[in-house]
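Visitor: How does the following fold in three dimensions:
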Amino acid sequence: MSRIGKKPIAIPSGVDVKIDGQTVRAKGSKGELSLTLLDEVTVEQTEDGVQLNPINQSKRARSVWGLSRSLLQNILDGVSNGFTKQLEINGVGYRAQMKGKDLSLALGLSHDVLYSAPDGIKIECPSQTEIVVSGMEKQVVGQVAAEIRRYRPPEPYKGKGIKYKDEYIFRKEGKKK
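Guide: Numbering: from 1, shown residues only. A predicted model of the protein is given here:
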């Protein structure tokens, strides 16, 4: 039995959920998202919220049960609250700024890096060393933050680079004389 899968998903206030076969549509204050579930799970709306069940006790049905519940939970959270990832830039001369809808990064390269955000993603720079990525879809927000971090990942000696706000960089000791 999936410990995650058997919990009902509570529907947040202000979110409207419509179930049409294997497709679940959620509409909230941030927008509208839909998810088509695999055939190995069934979905129904109860007074507790949305309940998912495996169609049988096969290994595949039980494995996608918890996954489907997590994906549906992320959609309901996304249309009500949204998701954010915060990035920090460390290093002398390293900075970020918005140029229209594009993010311009000065990372010690011979040129500035321009990053265009995909649809549904909002990028903000509260200061020159902070980047906030926000949106409705958890996977896309995480992917955009990872792509920005990939331009200059933090290095272990001085800690220079782009890192997540809550990330700990294991520091190495330099060369001894």
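Visitor: quick one, phi/psi of the residue nearest the centre of the chain?
Guide: Residue closest to the mean C-alpha point of the chain, counted by Cα atoms, centre = their mean, is residue 138 at 2.8 Å. The phi/psi pair for residue 138 (degrees, to the nearest 10) reads phi -60, psi -40.
Visitor: Do I have it right that it meets residue 83?
Guide: Yes: here residue 138 reaches residue 83: they are 4.8 Å apart, a contact under Cβ atoms under 8 Å. Heads up, the C-betas are built off the backbone N, CA and C, glycines and all.
Visitor: Tell me the confidence at the residue nearest to the centre of the chain?
Guide: For residue 138, the pLDDT comes out at 95.
Visitor: again with residue 57
Guide: Note for residue 57: predicted pLDDT of 89.
Visitor: Same check on the one 4 residues further on?
Guide: On pLDDT, residue 61 comes in at 90.
Visitor: Which helix or which strand is home to it?
Guide: Using DSSP states H and E, residue 61 sits within helix 59-80.
Visitor: buried set for the lengthiest strand in the chain?
Guide: Criterion DSSP state E: the longest strand present in the chain is strand 83-90. By neighbour count on 16 or more other Cβ atoms under 10 Å, the buried set for strand 83-90 is 83, 85, 87-90.
Visitor: My guess is residue 34 contacts residue 25. True?
Guide: Yes: counting by Cβ under 8 Å, residue 34 touches residue 25, with 4.5 Å between them.
Visitor: Settle it for me: which of these two has more neighbours?
Guide: Under the criterion of other Cβ atoms under 10 Å, the comparison of residue 34 against residue 25 puts residue 25 first, with 15 against 12.
Visitor: Next up, the contacts around the more buried one.
Guide: Counting by Cβ atoms under 8 Å, 6 or more residues apart in numbering, residue 25 touches 17-19, 32-34.
Visitor: Just confirm it is within a strand.
Guide: Yes: per DSSP: H, G, I helix; E, B strand; the rest coil, residue 25 lies within a strand segment.
Visitor: what touches both of residue 138 and residue 83?
Guide: Contact criterion Cβ under 8 Å, 6+ apart; residues shared by residue 138 and residue 83: residue 77.
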